[in-house]
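coords below, sequence missing:
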(Lines give C-alpha, C1' and ligand atoms only; values in the text may rest on other atoms or scores of the structure.)
Protein backbone atom coordinates (compact mmCIF):
# COMPACT_ATOMS: atom_id res chain seq x y z
CA UNK A 1 0.00 0.00 0.00
CA UNK A 2 1.15 3.52 -0.67
CA UNK A 3 0.30 4.71 2.85
CA UNK A 4 -0.22 2.92 6.16
CA UNK A 5 -3.83 2.04 6.93
CA UNK A 6 -4.79 2.26 10.62
CA UNK A 7 -5.97 -0.90 12.35
CA UNK A 8 -9.77 -1.29 12.44
CA UNK A 9 -10.12 0.96 9.37
CA UNK A 10 -12.56 -0.15 6.69
CA UNK A 11 -11.61 0.49 3.09
CA UNK A 12 -13.87 -0.02 0.08
CA UNK A 13 -12.85 0.74 -3.49
CA UNK A 14 -12.71 -0.48 -7.07
CA UNK A 15 -9.43 -2.12 -8.06
CA UNK A 16 -8.43 -2.51 -11.70
CA UNK A 17 -6.72 -5.87 -12.37
CA UNK A 18 -6.35 -8.10 -15.42
CA UNK A 19 -8.99 -6.25 -17.41
CA UNK A 20 -11.55 -6.23 -14.57
CA UNK A 21 -12.85 -3.67 -12.08
CA UNK A 22 -13.29 -5.45 -8.76
CA UNK A 23 -15.14 -3.89 -5.83
CA UNK A 24 -13.24 -4.74 -2.67
CA UNK A 25 -14.03 -4.21 1.01
CA UNK A 26 -11.23 -4.60 3.58
CA UNK A 27 -11.53 -4.40 7.34
CA UNK A 28 -7.90 -3.88 8.31
CA UNK A 29 -6.56 -5.60 11.40
CA UNK A 30 -3.66 -7.85 12.21
CA UNK A 31 -2.47 -11.42 11.78
CA UNK A 32 -3.12 -13.62 8.75
CA UNK A 33 -5.85 -12.01 6.62
CA UNK A 34 -9.05 -13.93 5.97
CA UNK A 35 -10.30 -13.72 2.37
CA UNK A 36 -14.02 -14.38 1.80
CA UNK A 37 -15.30 -15.79 -1.51
CA UNK A 38 -19.05 -15.42 -1.94
CA UNK A 39 -21.80 -17.58 -3.39
CA UNK A 40 -23.20 -17.18 -6.89
CA UNK A 41 -24.90 -13.84 -7.54
CA UNK A 42 -24.30 -12.49 -4.03
CA UNK A 43 -22.73 -9.11 -3.22
CA UNK A 44 -20.13 -8.69 -0.50
CA UNK A 45 -22.67 -7.16 1.94
CA UNK A 46 -24.24 -10.61 2.37
CA UNK A 47 -21.16 -11.45 4.44
CA UNK A 48 -21.92 -8.65 6.95
CA UNK A 49 -23.21 -10.96 9.75
CA UNK A 50 -20.16 -13.22 9.36
CA UNK A 51 -17.69 -10.32 9.43
CA UNK A 52 -19.42 -8.88 12.52
CA UNK A 53 -19.06 -12.21 14.34
CA UNK A 54 -15.38 -12.70 13.49
CA UNK A 55 -12.58 -11.54 15.79
CA UNK A 56 -12.59 -7.73 15.32
CA UNK A 57 -8.77 -7.74 15.20
CA UNK A 58 -8.74 -9.90 12.06
CA UNK A 59 -8.04 -8.40 8.64
CA UNK A 60 -10.98 -9.47 6.46
CA UNK A 61 -11.00 -9.09 2.67
CA UNK A 62 -14.19 -9.54 0.66
CA UNK A 63 -14.98 -8.67 -2.91
CA UNK A 64 -17.56 -8.84 -5.69
CA UNK A 65 -16.69 -11.05 -8.64
CA UNK A 66 -17.28 -9.50 -12.09
CA UNK A 67 -20.97 -8.84 -12.67
CA UNK A 68 -21.95 -9.27 -9.01
CA UNK A 69 -22.68 -6.45 -6.57
CA UNK A 70 -20.65 -3.39 -7.46
CA UNK A 71 -18.20 -5.02 -9.87
CA UNK A 72 -18.96 -4.34 -13.56
CA UNK A 73 -19.52 -7.23 -15.94
CA UNK A 74 -16.53 -9.06 -17.35
CA UNK A 75 -16.06 -8.34 -21.08
CA UNK A 76 -15.85 -12.09 -21.68
CA UNK A 77 -16.82 -15.29 -19.85
CA UNK A 78 -14.11 -16.54 -17.49
CA UNK A 79 -13.00 -19.68 -15.68
CA UNK A 80 -11.91 -20.26 -12.10
CA UNK A 81 -8.15 -20.32 -12.88
CA UNK A 82 -8.45 -16.81 -14.33
CA UNK A 83 -10.59 -15.64 -11.41
CA UNK A 84 -8.03 -17.02 -8.94
CA UNK A 85 -5.39 -14.97 -10.78
CA UNK A 86 -7.63 -11.91 -10.46
CA UNK A 87 -7.94 -12.51 -6.71
CA UNK A 88 -4.17 -12.88 -6.37
CA UNK A 89 -3.67 -9.59 -8.22
CA UNK A 90 -6.25 -7.85 -6.02
CA UNK A 91 -4.38 -8.97 -2.89
CA UNK A 92 -1.09 -7.66 -4.29
CA UNK A 93 -2.68 -4.28 -5.09
CA UNK A 94 -3.95 -4.14 -1.51
CA UNK A 95 -0.38 -4.65 -0.30
CA UNK A 96 -1.09 -8.15 1.01
CA UNK A 97 1.94 -10.14 -0.14
CA UNK A 98 2.12 -12.80 2.56
CA UNK A 99 -0.06 -15.81 3.30
CA UNK A 100 -3.82 -15.62 3.65
CA UNK A 101 -6.56 -17.94 4.81
CA UNK A 102 -9.32 -18.35 2.23
CA UNK A 103 -12.98 -19.10 3.00
CA UNK A 104 -15.34 -20.04 0.19
CA UNK A 105 -19.13 -20.28 0.52
CA UNK A 106 -21.06 -22.36 -2.04
CA UNK A 107 -19.92 -21.21 -5.53
CA UNK A 108 -17.14 -19.30 -3.78
CA UNK A 109 -15.88 -22.62 -2.44
CA UNK A 110 -14.84 -23.51 -5.98
CA UNK A 111 -12.83 -20.30 -6.24
CA UNK A 112 -11.27 -20.97 -2.83
CA UNK A 113 -10.22 -24.47 -3.88
CA UNK A 114 -8.79 -23.15 -7.15
CA UNK A 115 -6.82 -20.43 -5.33
CA UNK A 116 -5.38 -22.95 -2.84
CA UNK A 117 -4.37 -25.27 -5.68
CA UNK A 118 -3.02 -22.52 -7.93
CA UNK A 119 -1.18 -20.54 -5.24
CA UNK A 120 -0.15 -23.03 -2.54
CA UNK A 121 2.40 -20.65 -1.03
CA UNK A 122 -0.13 -17.83 -0.72
CA UNK A 123 -2.89 -19.88 0.92
CA UNK A 124 -2.14 -20.97 4.48
CA UNK A 125 -5.46 -22.59 5.42
CA UNK A 126 -8.68 -23.26 3.58
CA UNK A 127 -12.28 -23.11 4.83
CA UNK A 128 -14.92 -24.67 2.54
CA UNK A 129 -18.55 -24.00 3.46
CA UNK A 130 -21.63 -25.56 1.83
CA UNK A 131 -19.67 -26.43 -1.28
CA UNK A 132 -18.61 -29.34 -3.48
CA UNK A 133 -16.29 -30.38 -6.26
CA UNK A 134 -18.05 -28.63 -9.13
CA UNK A 135 -19.62 -30.38 -12.09
CA UNK A 136 -18.54 -33.81 -10.78
CA UNK A 137 -20.39 -33.90 -7.49
CA UNK A 138 -23.58 -35.30 -5.98
CA UNK A 139 -26.24 -32.74 -6.98
CA UNK A 140 -29.27 -31.57 -5.09
CA UNK A 141 -32.82 -32.34 -6.29
CA UNK A 142 -33.66 -30.94 -9.77
CA UNK A 143 -36.54 -28.82 -8.38
CA UNK A 144 -34.02 -27.06 -6.14
CA UNK A 145 -31.32 -26.62 -8.77
CA UNK A 146 -33.82 -25.16 -11.26
CA UNK A 147 -34.34 -22.24 -8.89
CA UNK A 148 -30.61 -21.55 -9.09
CA UNK A 149 -30.59 -21.02 -12.86
CA UNK A 150 -31.63 -17.36 -12.72
CA UNK A 151 -30.74 -14.45 -10.41
CA UNK A 152 -34.44 -13.70 -9.79
CA UNK A 153 -34.09 -14.18 -6.02
CA UNK A 154 -31.44 -11.43 -5.86
CA UNK A 155 -33.68 -9.02 -7.79
CA UNK A 156 -36.92 -9.79 -5.90
CA UNK A 157 -36.13 -10.33 -2.23
CA UNK A 158 -39.70 -11.21 -1.30
CA UNK A 159 -39.54 -14.03 -3.85
CA UNK A 160 -36.26 -15.09 -2.22
CA UNK A 161 -38.03 -15.32 1.12
CA UNK A 162 -40.86 -17.42 -0.38
CA UNK A 163 -38.48 -20.06 -1.73
CA UNK A 164 -35.86 -19.78 1.03
CA UNK A 165 -36.90 -22.81 3.06
CA UNK A 166 -36.96 -25.19 0.10
CA UNK A 167 -33.81 -23.73 -1.47
CA UNK A 168 -31.52 -23.17 1.52
CA UNK A 169 -32.89 -25.35 4.34
CA UNK A 170 -31.63 -25.05 7.91
CA UNK A 171 -32.42 -21.94 9.94
CA UNK A 172 -34.34 -20.26 7.12
CA UNK A 173 -37.00 -23.00 7.15
CA UNK A 174 -38.13 -21.52 10.46
CA UNK A 175 -37.59 -17.88 9.53
CA UNK A 176 -37.50 -17.30 5.74
CA UNK A 177 -37.32 -13.55 6.29
CA UNK A 178 -33.66 -14.06 7.25
CA UNK A 179 -32.85 -14.38 3.55
CA UNK A 180 -34.81 -11.26 2.63
CA UNK A 181 -32.92 -9.28 5.28
CA UNK A 182 -29.59 -10.67 4.03
CA UNK A 183 -30.31 -9.73 0.44
CA UNK A 184 -31.65 -6.32 1.48
CA UNK A 185 -28.12 -5.57 2.73
CA UNK A 186 -26.80 -5.58 -0.83
CA UNK A 187 -26.14 -2.04 -2.01
CA UNK A 188 -26.21 -3.12 -5.65
CA UNK A 189 -27.73 -6.10 -7.42
CA UNK A 190 -25.58 -7.97 -9.91
CA UNK A 191 -26.41 -8.29 -13.59
CA UNK A 192 -27.94 -11.18 -15.52
CA UNK A 193 -24.80 -11.32 -17.66
CA UNK A 194 -22.63 -11.57 -14.55
CA UNK A 195 -24.81 -14.37 -13.18
CA UNK A 196 -24.58 -16.23 -16.50
CA UNK A 197 -20.79 -15.94 -16.45
CA UNK A 198 -20.75 -17.46 -12.96
CA UNK A 199 -22.98 -20.32 -14.07
CA UNK A 200 -20.73 -20.98 -17.07
CA UNK A 201 -17.59 -20.99 -14.90
CA UNK A 202 -19.12 -23.61 -12.62
CA UNK A 203 -20.42 -25.75 -15.50
CA UNK A 204 -16.95 -26.62 -16.82
CA UNK A 205 -14.96 -26.90 -13.58
CA UNK A 206 -14.23 -29.69 -11.13
CA UNK A 207 -11.72 -30.09 -8.32
CA UNK A 208 -12.34 -33.82 -7.92
CA UNK A 209 -8.98 -34.91 -9.33
CA UNK A 210 -7.00 -32.02 -7.83
CA UNK A 211 -8.11 -32.38 -4.20
CA UNK A 212 -5.32 -34.81 -3.21
CA UNK A 213 -2.85 -32.13 -4.33
CA UNK A 214 -4.29 -29.43 -2.06
CA UNK A 215 -2.02 -29.81 0.94
CA UNK A 216 -3.25 -26.96 3.11
CA UNK A 217 -5.09 -27.76 6.34
CA UNK A 218 -8.75 -27.54 5.37
CA UNK A 219 -11.94 -27.10 7.37
CA UNK A 220 -15.11 -28.32 5.66
CA UNK A 221 -18.35 -26.94 7.13
CA UNK A 222 -21.48 -28.71 5.91
CA UNK A 223 -25.10 -28.61 6.97
CA UNK A 224 -27.08 -31.83 7.20
CA UNK A 225 -30.15 -29.91 5.94
CA UNK A 226 -28.60 -28.38 2.81
CA UNK A 227 -30.84 -28.96 -0.26
CA UNK A 228 -28.33 -27.48 -2.72
CA UNK A 229 -25.17 -29.36 -1.64
CA UNK A 230 -26.03 -32.77 -0.12
CA UNK A 231 -23.87 -33.59 2.87
CA UNK A 232 -22.35 -36.60 1.10
CA UNK A 233 -20.20 -34.14 -0.83
CA UNK A 234 -18.50 -33.05 2.39
CA UNK A 235 -17.59 -36.64 3.18
CA UNK A 236 -16.15 -37.14 -0.32
CA UNK A 237 -14.06 -33.99 -0.04
CA UNK A 238 -12.96 -34.94 3.44
CA UNK A 239 -11.62 -38.23 2.11
CA UNK A 240 -9.83 -36.71 -0.87
CA UNK A 241 -8.25 -33.70 0.81
CA UNK A 242 -5.10 -34.87 2.64
CA UNK A 243 -5.50 -32.67 5.73
CA UNK A 244 -9.21 -32.08 6.16
CA UNK A 245 -11.48 -31.63 9.13
CA UNK A 246 -15.18 -32.10 8.38
CA UNK A 247 -17.57 -30.29 10.71
CA UNK A 248 -21.22 -31.25 10.26
CA UNK A 249 -23.94 -29.06 11.74
CA UNK A 250 -27.76 -29.40 11.64
CA UNK A 251 -28.23 -26.23 9.58
CA UNK A 252 -28.57 -25.53 5.89
CA UNK A 253 -26.84 -23.87 2.96
CA UNK A 254 -26.55 -20.33 4.36
CA UNK A 255 -26.31 -21.00 8.09
CA UNK A 256 -22.77 -19.60 8.12
CA UNK A 257 -24.48 -16.24 7.54
CA UNK A 258 -27.87 -16.84 9.13
CA UNK A 259 -26.41 -18.47 12.25
CA UNK A 260 -22.92 -16.97 12.31
CA UNK A 261 -22.58 -16.84 16.10
CA UNK A 262 -22.71 -20.65 16.24
CA UNK A 263 -20.32 -21.46 13.38
CA UNK A 264 -17.75 -18.66 13.66
CA UNK A 265 -16.13 -20.18 16.79
CA UNK A 266 -15.43 -23.33 14.76
CA UNK A 267 -13.63 -21.21 12.15
CA UNK A 268 -11.73 -19.19 14.76
CA UNK A 269 -10.50 -22.35 16.46
CA UNK A 270 -9.35 -23.77 13.14
CA UNK A 271 -7.50 -20.56 12.24
CA UNK A 272 -5.77 -20.24 15.61
CA UNK A 273 -2.02 -21.01 15.65
CA UNK A 274 -1.21 -24.69 16.15
CA UNK A 275 1.67 -26.07 18.14
CA UNK A 276 4.09 -28.36 16.30
CA UNK A 277 2.53 -31.33 18.09
CA UNK A 278 -0.99 -30.34 17.03
CA UNK A 279 0.17 -29.85 13.44
CA UNK A 280 1.80 -33.30 13.42
CA UNK A 281 -1.45 -34.81 14.74
CA UNK A 282 -3.40 -33.07 11.96
CA UNK A 283 -1.04 -34.60 9.42
CA UNK A 284 -1.93 -38.08 10.70
CA UNK A 285 -5.69 -37.86 11.15
CA UNK A 286 -8.93 -36.67 9.67
CA UNK A 287 -11.50 -35.26 12.06
CA UNK A 288 -15.23 -35.53 11.48
CA UNK A 289 -17.11 -33.25 13.87
CA UNK A 290 -20.81 -33.97 14.19
CA UNK A 291 -22.78 -31.56 16.42
CA UNK A 292 -19.67 -30.91 18.49
CA UNK A 293 -18.56 -34.53 18.86
CA UNK A 294 -15.26 -35.45 17.20
CA UNK A 295 -15.04 -38.73 15.31
CA UNK A 296 -11.43 -39.28 14.30
CA UNK A 297 -10.21 -41.53 11.51
CA UNK A 298 -6.61 -42.31 10.55
CA UNK A 299 -5.51 -40.57 7.38
CA UNK A 300 -4.79 -42.97 4.57
CA UNK A 301 -1.23 -42.68 3.33
CA UNK A 302 -0.22 -40.08 5.90
CA UNK A 303 3.53 -39.57 6.19
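Arrived safely. Computed from a predicted structure; not experimentally measured. Residues are numbered from 1 along each chain as shown.

residue 64 - nearest residue in space that isn't next to it in sequence?
Closest residue to residue 64 apart from its sequence neighbours, by C-beta to C-beta, 6 or more residues apart in numbering: residue 71 at 4.0 Å. The C-beta positions use only the backbone N, C-alpha and C, and glycine is treated the same way.

which SS state does that neighbour fall under?
Look at residue 71: counting by DSSP: H, G, I helix; E, B strand; the rest coil, its state is coil.

just checking, it touches residue 83?
No. Assessed by C-beta atoms under 8 Å, residue 71 is found out of contact with residue 83, at 11.3 Å.

need the residues touching each of the two.
Counting by C-beta atoms under 8 Å, 6 or more residues apart in numbering, the contacts common to residue 71 and residue 83 are residue 65.

name the element residue 222 belongs to?
Using DSSP states H and E, residue 222 maps to strand 218-223.

center of this structure, which residue is that?
Within the chain, one residue has its C-alpha closest to the average C-alpha position: by C-alpha atoms, centre = their mean, that is residue 104, at 1.4 Å.

surely that residue meets residue 132?
No. At 10.9 Å, residue 104 does not count as touching residue 132 under the criterion of C-beta under 8 Å.

returning to what we had before: burial count for the residue nearest to residue 64?
24 (other C-beta atoms under 10 Å).

same check on residue 30?
11.

could you pull up the residues touching residue 53?
260-261, 264.

got a PyMOL select line for the buried ones in the residues you listed?
The PyMOL command for the buried members of the contacts of residue 53 (criterion: 16 or more other C-beta atoms under 10 Å) is given here:
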select buried, resi 260+264
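
keep only those of the contacts of residue 53 that are in helices.
Within the contacts of residue 53, residues falling in helices by DSSP state H are 260-261, 264.

could you measure from residue 136 over to residue 68?
24 Å (C-beta to C-beta, to the nearest Å).

what does the longest helix along the chain contact?
Longest helix in the chain, counting residues (DSSP H): helix 80-93. Helix 80-93 is contacted by residues 15, 17-18, 20, 22, 24, 35, 37, 61, 63, 65, 97, 100, 110-111, 114-115, 118-119, 122, 201, 205 when judged by C-beta under 8 Å, 6+ apart.

one more time with 7 Å, if that's ok
15, 17-18, 20, 22, 24, 63, 65, 100, 110-111, 114-115, 118-119, 122, 201, 205 (C-beta atoms under 7 Å, 6 or more residues apart in numbering).

please enumerate the helices of the stretch 1-150 of the chain.
48-53, 80-93, 107-118, 142-146 (DSSP state H, counting those that start in this stretch).

after the last one comes which helix or strand?
On the C-terminal side of helix 142-146, the nearest following helix or strand under DSSP H and E is helix 152-155.

gap between that next one and the chain center?
Distance of helix 152-155 from its chain centroid, counting by C-alpha atoms, centre = their mean, to the nearest Å, is 20 Å.

higher neighbour count, residue 136 and residue 68?
Neighbour count, other C-beta under 10 Å: between residue 136 and residue 68, residue 68 has more, with 29 against 12.

please name the nearest non-neighbouring residue to that one.
That would be residue 190: by C-beta to C-beta, 6+ apart, it lies 3.9 Å from residue 68.

next, count neighbours for that neighbour.
Around residue 190 there are 26 other residues, counting by other C-beta under 10 Å.
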